[in-house]
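Student: Sharing a model that was predicted from the sequence below.
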Amino acid sequence: MNRILIILVIVSFSNSYGQQNKMSFERLKALKMSYITEKIGLSEEEESVFWGIYDQYEKRIFNNCRKEIKKIRRTYMKSLDNVTNSEALEIIHKINELEHDGLNLKEERDKLLLEKFSAQKILKMHHAEYHFNREMLYKMKKKK
């Protein structure tokens, strides 16, 4: 596991030099994977099972929810002052529905992971995700 972690870190850092402070999605994903793997303490066999399930659901959440929410926001941001009250209400309901769908997908993911891993590891995953996101936000603020 340590070899994989070291390789991921080296690859992520080597890709960053040519991008002038822009973090690619792949690099961010690799950093997140190594961070969560380290915090949870997965073995090599567990890693492949865990990341197979995790990635499958992350893709579904991204494509079904986050992408759609982003499209909606882009559309109404252009004409935010011209949106009627009923249109605004419809947009709010659509965004909330998509966020609920994303939460339902996360619950499905957690149920599937709980079939393969202990509840403690899943809780550690949630904790690691939260702290990873906080650290990334902190680093982004610090760069600005």
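Tutor: Received it, and whenever you're ready, just let me know what you need. Nothing here was measured: the structure is a model prediction, and the numbers come from that model. Residues are numbered from 1 along each chain as shown.

Student: Kindly provide the distance from E90 to T75.
Tutor: Distance, E90 to T75, by Cβ to Cβ, to the nearest Å: 12 Å. Yep, even glycine has a C-beta here, placed from its N, CA and C like the rest.

Student: The most centrally placed residue in the chain: which element?
Tutor: By Cα atoms, centre = their mean, the chain has its centre lying nearest to E58, at 6.5 Å. In the assignment (DSSP states H and E), E58 maps to helix 44-61.

Student: Looking at this protein, which helix is longest?
Tutor: If you go by DSSP state H, the chain has its longest helix at helix 85-116.

Student: Report the buried residues of that helix.
Tutor: By neighbour count on 16 or more other Cβ atoms under 10 Å, the buried set for helix 85-116 is 95, 98, 101-102, 105-106, 109-110, 113.

Student: Just give the number of residues close to L80.
Tutor: Neighbour count of L80, defined by other Cβ atoms under 10 Å: 9.

Student: still on that earlier bit, skip ahead from the longest helix of the chain and say which helix or strand is next.
Tutor: Following helix 85-116 in sequence, per DSSP H and E, is helix 119-143.

Student: name the helices or strands packed onto that following helix?
Tutor: Where contact means 3 or more Cβ pairs under 8 Å, 6 or more residues apart in numbering; DSSP states H and E, helix 119-143 is packed against helix 25-40, helix 85-116.

Student: List the buried residues in that helix.
Tutor: Residues of helix 119-143 classed as buried: 121-122, 124-125, 128, 132 (neighbour count, 16+ other Cβ under 10 Å).

Student: Any chance of the backbone angles for S79?
Tutor: Main-chain dihedrals, S79, degrees, to the nearest 10: phi -130, psi 40.
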